[in-house]
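Asks: Need the 3D shape of this:
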Amino acid sequence: MPSLEGLQNKLGVSDFLVIALSEDRKGWEKISPFRERLGLDALPLYHDTDSQMMFASKVRSLPTSILINHEGIELGRLTGPAEWNSDEALALIRHYIGRGLTTRR
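Replies: Modelled structure (predicted):
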């Protein structure tokens, strides 16, 4: 989550937005203290109470990161933890932003 916050802080413009979606069964009583402890202020955080997004996107395990363009087309996904604010990840995201995020790979 801190690396997603870093990604949002570095690239968060009108053409790019990171959204964090929690599947925690205890809901906001668990999510809010976690968010405060890590100082996640810039990261939009939502709670998928019924796991509808997880099932709709066929996520098999958490964490899973999905890159979706403005047309709702999935461009790629990564299952497992990642350093999203690393130079490599930033280059990948900038590549897709530069292409308008419209071409599926």
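
Asks: W84: neighbouring residues, count only.
Replies: 23 (other CB atoms under 10 Å). Placement of C-beta: from N, CA and C, glycine included.

Asks: Against R35, how distant is the most far-flung residue of the chain relative to its centre?
Replies: Among the residues of the chain, the one whose C-alpha is farthest from the average of all C-alpha positions is E29, by CA atoms, centre = their mean at 21.0 Å. In this structure, E29 and R35 are separated by 12 Å, where distance is defined by CB to CB, to the nearest Å.

Asks: Helix or strand: which one has the residue farthest from the centre of the chain?
Replies: Secondary structure assigned from DSSP states H and E places E29 in helix 28-38.

Asks: what's that helix packed up against?
Replies: Contacting helix 28-38 under the criterion 3 or more CB pairs under 8 Å, 6 or more residues apart in numbering; DSSP states H and E are the following elements: strand 45-47.

Asks: what does the helix or strand that the strand it packs on is followed by rub up against?
Replies: Beyond strand 45-47 on the C-terminal side, the first helix or strand identified by DSSP H and E is helix 52-56. Outside helix 52-56, the residues that touch it by CB atoms under 8 Å, 6 or more residues apart in numbering are 21, 23, 48, 59.

Asks: swap in stretch 4-12?
Replies: In this structure, residues lying in contact with stretch 4-12 by CB under 8 Å, 6+ apart are 17-18, 20, 38-43, 65, 84-85, 89-90, 93-94, 97.
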